[in-house]
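S.K.: below: sequence and its predicted model.
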Amino acid sequence: MPSLEEISKSVHDLLTTALPPVMALLTGFLIAGLLVIGLFTVLGLVLVFMERKVSAYMQIRVGPNRVGFKGTAQTLADTLKLVLKEGLTPSGSDKFLFNLAPFLVLITSMLLMAPIPFARNFQMWDLNIGVLYITAISSISVIGILMAGWSSNNKYSLLGAMRSGAQIVSYELSAGMAILTVVVLSGSLKISDIILSQQNGWWIFKGHIPVIISFVIFIIAVTAETNRAPFDMAEAESELTAGFHTEYSGMKFALFFLAEYVNIFIVCAIGAVLFLGGWMPFHIGSWGAFNRVMDYIPSSVWFMSKTFFLIFVIMWFRWTFPRLRIDQLLNLEWKYLLPISLFNLLLVTLVAIMGWYF
Amino acid sequence: MLEELGTTEQGDLIINVGPQHPSTHGVLHLVITLNGETIKKVEPHLGYIHRSIEKMCESLTYRQFIYVTSRMDYLSSHINNHGCALAVEQGMQVEVPLRAQYIRVIMDELTRLASHQLWWGAMAMDVGAITPFFHAFREREMINDIMEETCGARLTMNYMVPGGVAMDLHPNFRKGVKDFIRLFKSKFDEYDELVTHNVIFRQRMEHVGILSGQDAISYGTSGPVARASGVSCDVRKWMPYDIYKQVEFTEALETAGDCFARYLVRMHEMKQSLSIVEQLIDAIPEGDFQAKTKAVIKLPKGEFYSVVETARGELGVYIISEGGTTPYRIKFRSPGFSNLSALDHMARGGKIGDLVAIMGTLDLVIPDIDR
């Protein structure tokens, strides 16, 4: 079976030989864009189905099992329903911002797809400041959420948006600090370099306790950043009905929903890249035979299984923990996580300078 | 300080919570005044599902009106019926057979268990954990099945009648209850692990919505809400009815008065109810399940009052009779109404999340408040 790297290379060769350079470039862009949209849809369908099944088994239920093979087409049916529904715009709302907000949130998550390496040398854009790009772009989505909450002319939406703003801005710091520890260790902001630096062991194994601490902080921070329970302040069903998207219906709601799930995928993918070696297979020191067996598994499978493992962990959180209160949430960040991550960054820098990692 | 918080100024956010809102469990309508996230005032507006049950009872006979009371606090319908039956029996001067008394008390305690289980799940859902709800319902289902076999209903039982109970126990009853006790005892550890010892849950509950013992008395709260503030008010202890005086159990008391104390009181009550059922299930005597009564009940002229401990607190049934077949006036003293009145006091100065947690621990059943 040809790897994703070979397929993309042959497509590229075909385009450059068959078309003039400008057309080849444009066609390449078009294909990449279509693939992102396709991946977006597929991820949305798969993740929503996965969430429903995971929650069902945690809650002694069966979950969707009627539409399609073992219920797999349930999300498709739901999407169809949402497409057919009327997209209401409440009176007194700021119509322009109200309609713009879901697209802003969606485009942000689409942009974040660019630097994610799905397999060995299979990456849309391996820019040299990849990590910086991710942290910068991911903070744009909060503008979309604030827009949605403010323009809805609904007090619940406004409260949800304000909470979400405070939360995302705060937790971005911890997430950034956690990401920085890996940057310090690998000495590069480029995603492919970070992955290559984990050839002889993933950072979570090589970096001792400091990296494990930053991994835990990273998982907590991104759970908060994606507005997932136990940090789902922005929606907080039992408090604010549906938070910032209370007034959204039909496809506009679906876009928020889709963006939420794709964001989970993206942050988990980043976590897998930084701490679990991205598409790198699992190797143990000098066990030649074992390592060769591991190498035989395609790199895309490695990447996806690591990412989906992290997604499962985040879903596990959601269906186990109660929700924090807004002031407790901010206390956790500013009084505990941020000081710990600052100190941890110093520790990691020391480890990196002294070369104490493996 | 509180006076200052109570006034509405320009810039305050006034929000209607309910009648349709996920955390009001039914159709409670609250108007809350917010300063940012901080609550300045909570105003419950009643009347959305008022069905004038007290007025309806005036045109129903003494046998009929008991059926309506199942619809008040639908989670403890047995106990409501029990209270009404006691008031009517008081007027009829009839002695209830011992077997019926045992059955009534067992049914009351099973109802209390079912009600507290639902509260446990719903309250966990209020603070954001959805999974415990399903775990609670798994066990509650067993009680419902037991009830269904004997009473023929799962929610509004109408099993207690003046003079005893409507029909004898189902042959499977004793086995079903014993199976349930055995299973449910092992579930307490699971409940504790999932919710009680959870750090986030403790943070949400401890030092939130504090009600002092003095305030608990002045607001007229009863049941677990008052007992969590250190007020000993269990009707089963202080004014035992039927065979409660022969049963050994301890009254769950906590002194902190916060949400977590109310949580612990109810968890403790579940264990006590289980032990009461365990004591009685093997001791049910043979005999009649109903005293011989006339088909048409007529109460003598006078006033009759009975009080029972429902899952939410003290339910008083006050009947004024003019000597006919229907009551002249009926008044219910429902626990939920008085407990709700303390909500504003407890929620002021807290956050929206606290309000939801407090409402969860008050265990409000709206049809009980809005009769």
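M.R.: Nice, thanks for sending it over.
S.K.: what about residue 31, neighbour count?
M.R.: Unless you meant another one, I'm taking chain A. By other C-beta atoms under 10 Å in any protein chain shown, the residues close to A:Ile31 number 14. In this view, the C-beta of every residue, glycine as well, is placed from N, C-alpha and C.
S.K.: the intended chain is chain B.
M.R.: B:Val31: 14 surrounding residues under other C-beta under 10 Å.
S.K.: element containing the residue lying closest to it once chain neighbours are set aside, please.
M.R.: Of all residues not flanking B:Val31 in the chain, B:Glu43 sits nearest, at 4.5 Å (C-beta to C-beta, 6 or more residues apart in numbering or on different chains). Counting by DSSP states H and E, the element that carries B:Glu43 is strand B:38-45.
S.K.: repeat that for B:Asn16.
M.R.: Using DSSP H and E, B:Asn16 sits in strand B:13-17.
S.K.: chain A contacts on the stretch 201-350 of chain B?
M.R.: Residues of the stretch 201-350 of chain B lying close to chain A (C-beta under 8 Å from any C-beta of the partner chain) are B:201, B:203-204.
S.K.: cool, the stretch 1-150 of chain B as well?
M.R.: Proximity of the stretch 1-150 of chain B to chain A (C-beta under 8 Å from any C-beta) is limited to residues B:13, B:15, B:21-23, B:34, B:37, B:124-131, B:133-135, B:138.
S.K.: again, only this time at 7 Å
M.R.: Within reach of chain A by C-beta under 7 Å from any C-beta of the partner chain, the stretch 1-150 of chain B has these residues: B:13, B:15, B:21-23, B:37, B:124-131, B:134, B:138.
S.K.: top of those by neighbour count?
M.R.: The residues of the stretch 1-150 of chain B next to chain A, ranked by neighbours (other C-beta under 10 Å): first place B:Val127, 29 neighbours.
S.K.: how about the closest residue to chain A within chain B, what does it touch?
M.R.: Chain B approaches chain A most closely through B:Gly128 (2.7 Å), counting by C-beta to the nearest C-beta. By C-beta atoms under 7 Å, 6 or more residues apart in numbering or on different chains, B:Gly128 lies in contact with A:229-230, A:238, A:322-323.
S.K.: so, low pLDDT: which residues of the stretch 251-371 of chain B?
M.R.: Residue ranges of the stretch 251-371 of chain B with pLDDT under 70: none are present.
S.K.: in it, which spans are strands?
M.R.: In the stretch 251-371 of chain B, the segments counted as strands under DSSP state E, counting those that start in this stretch are B:302-309, B:314-321, B:329-333.
S.K.: so for A:Phe215, which of these sits nearest?
M.R.: The closest approach between A:Phe215 and any of the strands of the stretch 251-371 of chain B, judged by C-beta to C-beta, belongs to strand B:302-309 at 51.9 Å.
S.K.: now the strand holding B:Glu43 against strand B:13-17, angle please.
M.R.: 40 degrees (axes from the mean of the first three to the mean of the last three C-alpha atoms, to 10 degrees).
S.K.: buried sites along strand B:38-45?
M.R.: Neighbour-count burial for strand B:38-45 flags B:39-42, B:44 (criterion: 16 or more other C-beta atoms under 10 Å in any protein chain shown).
S.K.: cool, stretch A:55-66 as well?
M.R.: For stretch A:55-66, burial by neighbour count (16+ other C-beta under 10 Å) applies to A:55-56, A:58-59, A:63-64.
S.K.: now do stretch B:271-289
M.R.: B:271-277, B:279-281, B:284, B:289.
S.K.: who does the strand holding B:Asn16 pair up with?
M.R.: strand B:29-35 (antiparallel) (DSSP bridges).
S.K.: with just CA atoms, put the partner strand into CSV.
M.R.: C-alpha atoms of strand B:29-35 as CSV (Å, rounded to 0.1, in the frame of the first residue of the first chain):
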residue,chain,number,x,y,z
HIS,B,29,-39.8,30.9,37.3
LEU,B,30,-37.0,33.0,39.0
VAL,B,31,-36.2,36.6,38.2
ILE,B,32,-32.6,37.2,39.2
THR,B,33,-30.8,40.5,39.4
LEU,B,34,-27.1,40.2,38.5
ASN,B,35,-24.1,42.4,38.8
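S.K.: show me where the stretch 201-350 of chain B has helices.
M.R.: With DSSP state H, counting those that start in this stretch, the ranges of helices along the stretch 201-350 of chain B come out as B:213-218, B:224-227, B:235-238, B:259-281, B:335-341, B:343-347.
S.K.: most tightly surrounded among those?
M.R.: Each of those was scored by mean neighbour count; the highest is helix B:224-227, a mean of 29, by mean count of other C-beta atoms under 10 Å in any protein chain shown.
S.K.: can you classify the closest residue to chain B within chain A by secondary structure?
M.R.: Of all residues in chain A, the one sitting closest to chain B is A:Arg323 (2.7 Å; C-beta to the nearest C-beta). Following DSSP: H, G, I helix; E, B strand; the rest coil, we place A:Arg323 in the coil state.
S.K.: what is the burial count for it?
M.R.: The burial count for A:Arg323: 27, using other C-beta under 10 Å.
S.K.: ok, A:Phe244 - contacts?
M.R.: Contacts of A:Phe244 (C-beta under 7 Å, 6+ apart): A:145, A:148-149, A:157, A:160-161, A:164, A:234.
S.K.: is A:Phe49 in a helix, a strand, or coil?
M.R.: At A:Phe49 the chain is in helix, as set by three-state DSSP.
S.K.: wait, it touches A:Thr72, no?
M.R.: Yes: if you go by C-beta atoms under 7 Å, A:Phe49 and A:Thr72 touch, sitting 6.3 Å apart.
S.K.: higher neighbour count, these two?
M.R.: A:Phe49 (21 against 15).
S.K.: nearest spatial neighbour of the more buried one, skipping sequence neighbours?
M.R.: Of all residues not flanking A:Phe49 in the chain, A:Thr75 sits nearest, at 5.0 Å (C-beta to C-beta, 6+ apart).
S.K.: so the one you found, which state does it fall into?
M.R.: helix.
S.K.: and the residue nearest the centre of chain A, what does it touch?
M.R.: Taking C-alpha atoms, centre = their mean, the centroid of chain A lies closest to A:Ile266, which sits 2.2 Å from it. Taking C-beta under 7 Å, 6+ apart as the criterion, A:Ile266 is in contact with A:109, A:112, A:116.
S.K.: what does the pLDDT read for A:Pro281?
M.R.: A:Pro281 carries a pLDDT value of 80.
S.K.: in this structure it contacts A:Val293, no?
M.R.: No: taking C-beta under 7 Å as the definition, A:Pro281 is not a contact partner of A:Val293, at 9.1 Å.
S.K.: and these two? Which one has more around it.
M.R.: Between A:Pro281 and A:Val293, counting by other C-beta under 10 Å, A:Pro281 is the more crowded of the two (18 against 11).
S.K.: quick check: closest non-adjacent residue to that one.
M.R.: By the measure of C-beta to C-beta, 6+ apart, the closest residue to A:Pro281 outside its immediate chain neighbours is A:Met294, 4.1 Å from it.
S.K.: unless I'm mixing things up, that neighbour is touching A:Ile284, no?
M.R.: No: using C-beta under 7 Å, A:Met294 makes no contact with A:Ile284, being 8.5 Å away.
S.K.: more neighbours, those two?
M.R.: Neighbour tally, A:Met294 and A:Ile284, criterion other C-beta under 10 Å: the higher count belongs to A:Met294, 15 against 11.
S.K.: just the element for the more buried one, please.
M.R.: Assigned by DSSP H and E, A:Met294 belongs to helix A:288-296.
S.K.: who's in contact with that helix?
M.R.: In contact with helix A:288-296 (C-beta under 7 Å, 6+ apart) are residues A:281-284.
S.K.: tabulate these (CSV), appending secondary structure.
M.R.: CSV is the format used below for the contacts of helix A:288-296 (three-state DSSP):
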residue, secondary structure
A:Pro281, coil
A:Phe282, coil
A:His283, coil
A:Ile284, coil
